[in-house]
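Chemist: what's the 3D shape of this:
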Amino acid sequence: MRAFQPVIACLLAAILPARSALVAQAPTAQAQPSSVPAATVDEGRKLYAGYGCYQCHGYEGQGSSATGPRLGPRPLPLASFSKYIRRPTGQMPPYTTKVVPESDLTKIHAFLDARPAPPPVSSIPQLK
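Modeler: Below you'll find the model as predicted:
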């Protein structure tokens, strides 16, 4: 699995341009609480770290302008997320089901979806 970590890091680094385009086309909706079992989210966290996603996107999917875009909270819908991972349009290489099985990708998505939203800027004293 370690041999794939640099490739996965590059793959995930290119999600932001496609994510922005897909989010712009998607209808807006209020975030719903996740109904995914905590065990699935925990497995997703382990897979996220194991595949090296954190290397570009941080341990919580928060992203960085220097290494990779934010993935959570509120990731792309699973179908769009999976489609982009399999056939990216940016700098990220494709990850086939042989590299990241669909079941693992679903658990990673559940982990990203379960990330808490950041606090509102108005609630951060240092930013007032």
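
Chemist: So the most centrally placed residue in the chain: helix, strand or coil?
Modeler: Geometric centre of the chain, nearest residue: residue 71, 3.4 Å, by Cα atoms, centre = their mean. Following DSSP: H, G, I helix; E, B strand; the rest coil, the label given to residue 71 is coil.

Chemist: Nearest spatial neighbour of it, chain-adjacent residues omitted?
Modeler: Distances taken as Cβ to Cβ, 6 or more residues apart in numbering place residue 61 nearest to residue 71, at 3.9 Å, with adjacent residues excluded. No exception for glycine: its C-beta is placed from N, CA and C like everyone else's.

Chemist: and the gap between the one you found and residue 126?
Modeler: 23 Å (Cβ to Cβ, to the nearest Å).

Chemist: With neighbour numbers in mind, choose between the two.
Modeler: Neighbours per residue (other Cβ atoms under 10 Å) separate residue 61 from residue 126, with residue 61 holding more: 24 against 4.

Chemist: residues in contact with that one?
Modeler: With contact taken as Cβ atoms under 8 Å, 6 or more residues apart in numbering, residue 61 is in contact with 48, 53, 70, 71, 72, 73, 75, 111, 112, 115.

Chemist: likewise residue 42?
Modeler: For residue 42, the contacting residues are residue 111, by Cβ under 8 Å, 6+ apart.
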